[in-house]
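Asks: Next one to model:
(chains A and B)
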Amino acid sequence: MKKSTGDNFFPKAMSFSAGLDLLKRAGYDGVELWLGDRPWFQMQTTDADLRVLARQVRDAGLEVSDVANALDWQENISTRDPAKRDAAVRHIERQIEAAQIFGTDAILIVAGLVTEETPYNEVYKRTVEALHKLAEVAAKASVKIGVENCNSEQRFLLSPREFATFLDEVKSPWVGIHLDVGNIHDTGFAEQWIEIHGPHITRIHMKDVMKHRGRCGDQSVYTNIFLGDNNWPAIREAMRKVNYDGWLIAEMESRYRYAADQQIYDTSAALTRLITGTF
Amino acid sequence: MPTRREFLTGLALAPFVVHLTATQSAAARSVEIWQEDHCLSLESAMGFRHLVSPNPPATSFESGRTASGSLIIAPGIRCMSLSIAADLADWIHQGAWVILESGLGFSSRTESKHQTDLLKKVFGLQLLPPVKVGKNPAAATYLEYTRPIHRLVRTFEAITPVRCDQSEALARLGKHSVCIRKRIGDGTLVFLGSMLGPGVGAGEREAIEVASALVTSDSECIFNSTCNLVVAQQRRNAEFWRVRNRVSTSANDSD
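Replies: As a prediction, the model looks like this:
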């Protein structure tokens, strides 16, 4: 298994190349690039500029593990507003193009947002329909779309079996699940999600969760690996069971008030302990 | 060097291996499922029934009856009588393939002791006292099958370890052998010390793959490392799993 983390985890004001050097020094193998987050990777970034980023990644001795986006929360394929829906399709297609340029075979999207105004049934239908079309684009590019489980934030696809049914309805080998083991909160067990989805997992996001805290004001439920309630030995065993040997991508909230880069080192060390099973 | 039986089985299957589906393969071997009258056995039987087509009727144990199947599955066994065990042993001697799945982890200590003594006397099985799998998933979540295919399969709360020769072991949990294959006369006894059928019925991918490999008619070949049917078997397993996923809901309902 290989270790990665997002460029949105670079300490604030750090440049792209400095961030890559930091990841390399901390022992990561790759970086997850977020469309629409940091200034170097936006919708208006040209192909030529993306090639420059790709070269910088290579020069740093890293790979691009996958391409995520920070735009789905504003422009989702499930929204009622056709303009926003089109925008969502465009930025997902751009992720796919970028993935090809970066030489990776997976992207991450948040598909479907249930809100008070946009009800579940509508979101489900629209999301499946949109993914049918996007799957064709993904197939042509040989890039897999990983639909992330953002259970609590999306209020959508809350159980692993429902998620499996959803993928069955999308019915494309080019659409799978980008599984986040921290996002399940107290609604289930990450290791069981891994078991159920097995070969449909495109990538795995790593973070820990304090299951009993719940969301309360500004307090996050998320925390560093090994500090929360996830059963990490069980998660490791489940990955072994389904023969998952792909990228482990730390998706951390920056928590260190001082020495922000230390969190990147600590997270890398935790991932290594997880991979080697040294608990 | 394959045995005569293995050679003939391989010969008979050779023209079909590419196109056979798991269910067709299982149908080539006539199957009987003999269940006990408790929920564990019924649940497991239902799982195994998914693997074989046409679905054999699940029947209660009945001493003195004649078995017509060349594969007999006895799921979740907790209270087998001496006469039934003796019948099963006879059929194995005559060439039947019998899968005996232990439900002893859910028995009382007295029941368990009685069954353990009986299984030793009739089949030569040396069972150790059942072990409740610990709550720590890291310690004991998955049973590691090494044959007929390598898979990790969830344990079913309690396991029945069994002493055996290394060559007989199919699956282990830590230091314990839990599933074994034992040749008796012209037949074969497969003892499952951790229940597999419920996982099959629940759609557990790896449980289905292992159980499918155990019940298909060329399993004899799979145990022989020189046999080249393993790839075909795996193809059929994959096909089975795909089909099983599609129909699981309706099949469960109809059961």
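
Asks: From now on I want contacts and neighbour counts done on CA atoms only, so please keep to that.
Replies: OK.

Asks: Tell me who's in contact with the closest residue in space to residue A:112 that isn't next to it in sequence.
Replies: The spatial neighbour of residue A:112 that comes closest, neighbours along the chain excluded (CA to CA, 6 or more residues apart in numbering or on different chains), is residue A:78 at 5.0 Å. Contact partners of residue A:78, counting by CA atoms under 8 Å, 6 or more residues apart in numbering or on different chains, are A:85, A:111-113, A:122-124, A:126-127, A:130.

Asks: what about the strands in the stretch 51-200 of chain A?
Replies: A:63-69, A:106-109, A:144-148, A:175-180 (DSSP state E, counting those that start in this stretch).

Asks: How many neighbouring residues does residue B:144 have?
Replies: 22 (other CA atoms under 10 Å in any protein chain shown).

Asks: so it sits in a helix?
Replies: No: if the criterion is DSSP: H, G, I helix; E, B strand; the rest coil, then residue B:144 is strand and not within a helix.

Asks: Could you find the closest non-adjacent residue to it?
Replies: Distances taken as CA to CA, 6+ apart put residue B:152 closest to residue B:144, at 4.6 Å, once the chain neighbours are dropped.

Asks: For the helix or strand where the one you found lies, which strands pair with it and how are they oriented?
Replies: Applying DSSP states H and E as the criterion places residue B:152 in strand B:151-154. Strand B:151-154 has its sheet partners listed here by DSSP bridges as strand B:142-145 (antiparallel).

Asks: Residue of the stretch 1-150 of chain A closest to chain B, please.
Replies: residue A:128 (18.0 Å; CA to the nearest CA).

Asks: That residue reaches residue A:169, doesn't it?
Replies: Yes: judged on CA atoms under 8 Å, residue A:128 makes contact with residue A:169 at a distance of 7.1 Å.

Asks: In terms of neighbours, single out the busier of the two.
Replies: The neighbour count for residue A:128 versus residue A:169, taken as other CA under 10 Å, is higher for residue A:128 (21 against 13).

Asks: want to try a markdown table for the strands of the stretch 51-200 of chain A, with distance to residue B:208 and mean pLDDT as columns?
Replies: Shown next, in a markdown table, are those (distance: least, CA to CA, whole Å; pLDDT from 0 to 100):
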| stretch | distance to residue B:208 | mean pLDDT |
| --- | --- | --- |
| strand A:63-69 | 32 | 98 |
| strand A:106-109 | 29 | 98 |
| strand A:144-148 | 26 | 98 |
| strand A:175-180 | 22 | 98 |
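
Asks: Just send the ones you listed back as CSV, with distance to residue B:114 and mean neighbour count too.
Replies: As requested, the strands of the stretch 51-200 of chain A are exported to CSV (distance: least, CA to CA, whole Å; neighbours: other CA atoms under 10 Å in any protein chain shown):
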stretch, distance to residue B:114, mean neighbour count
strand A:63-69, 57, 26
strand A:106-109, 56, 27
strand A:144-148, 52, 27
strand A:175-180, 47, 26
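
Asks: can you list these in CSV and add distance to chain B?
Replies: Below are those laid out as CSV (distance: least, CA to the nearest CA, whole Å):
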stretch, distance to chain B
strand A:63-69, 27
strand A:106-109, 24
strand A:144-148, 20
strand A:175-180, 16
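
Asks: so where's the stretch 1-150 of chain B shaky on pLDDT?
Replies: B:1-29, B:53-69, B:135-140 (pLDDT under 70).

Asks: Equivalent analysis for the stretch 51-200 of chain A, please.
Replies: Using pLDDT under 70, the stretch 51-200 of chain A has no residue that qualifies.

Asks: So which residues on it come close to chain B?
Replies: Within the stretch 51-200 of chain A, the residues that sit near chain B (CA under 8 Å from any CA of the partner chain) are residue A:196.

Asks: Count the residues that sit near the residue in the stretch 51-200 of chain A that chain B sits nearest to.
Replies: Of all residues in the stretch 51-200 of chain A, residue A:196 sits closest to chain B, with a separation of 7.5 Å (CA to the nearest CA). Residues lying near residue A:196 (other CA under 10 Å) number 19.

Asks: just checking, it touches residue A:160?
Replies: Yes: counting by CA under 8 Å, residue A:196 does reach residue A:160; the two are 6.9 Å apart.

Asks: sorry, back to before: now do the contacts for the nearest residue to the residue of the stretch 1-150 of chain A closest to chain B once chain neighbours are set aside.
Replies: Leaving aside its sequence neighbours, residue A:128 sits nearest to residue A:170 (CA to CA, 6+ apart; 5.7 Å). Contacts here follow CA under 8 Å, 6+ apart; on that basis residue A:170 touches A:128-129, A:131-132.

Asks: how does it look with 7 Å?
Replies: A:128, A:131-132 (CA atoms under 7 Å, 6 or more residues apart in numbering or on different chains).

Asks: distance between the ends of stretch A:10-30?
Replies: From its first residue to its last, stretch A:10-30 covers 13 Å (CA to CA, to the nearest Å).

Asks: Roughly how far does the most centrally placed residue in chain A sit from residue A:234?
Replies: Centroid-nearest residue in chain A: residue A:108, 5.1 Å away (criterion: CA atoms, centre = their mean). Per CA to CA, residue A:108 is found 24 Å from residue A:234.

Asks: counting contacts, what elements does whatever helix or strand residue B:41 lives in pack onto?
Replies: For residue B:41, the element it lies in under DSSP H and E is helix B:39-49. Contacts defined by 3 or more CA pairs under 7 Å, 6 or more residues apart in numbering or on different chains; DSSP states H and E place helix B:39-49 against strand B:31-35, strand B:71-77, helix B:197-201.

Asks: 10 Å - rerun?
Replies: strand B:31-35, strand B:58-60, strand B:71-77, strand B:97-102, helix B:197-201, helix B:205-215, helix B:230-254 (3 or more CA pairs under 10 Å, 6 or more residues apart in numbering or on different chains; DSSP states H and E).

Asks: buried stuff in that helix?
Replies: Residues of helix B:39-49 classed as buried by neighbour count (16 or more other CA atoms under 10 Å in any protein chain shown): B:40-49.

Asks: Give me the angle between it and strand B:97-102.
Replies: Interaxial angle, helix B:39-49 versus strand B:97-102 (axes from the mean of the first three to the mean of the last three CA atoms, to 10 degrees): 140 degrees.

Asks: How far does stretch A:240-251 stretch from one end to the other?
Replies: Here the two ends of stretch A:240-251 are set 21 Å apart, with distance taken as CA to CA.

Asks: Return stretch A:265-273 as PDB; C-alpha atoms alone will do.
Replies: Below are the C-alpha coordinates for stretch A:265-273, written out as PDB (Å, rounded to 0.1, in the frame of the first residue of the first chain):
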ATOM      1  CA  TYR A 265       5.000  13.900   9.800                       C
ATOM      2  CA  ASP A 266       2.800  12.400  12.500                       C
ATOM      3  CA  THR A 267       0.100  11.300  10.000                       C
ATOM      4  CA  SER A 268       2.700   9.700   7.800                       C
ATOM      5  CA  ALA A 269       4.100   7.800  10.800                       C
ATOM      6  CA  ALA A 270       0.600   6.700  11.800                       C
ATOM      7  CA  LEU A 271       0.000   5.400   8.200                       C
ATOM      8  CA  THR A 272       3.200   3.400   8.300                       C
ATOM      9  CA  ARG A 273       2.200   1.800  11.600                       C
END
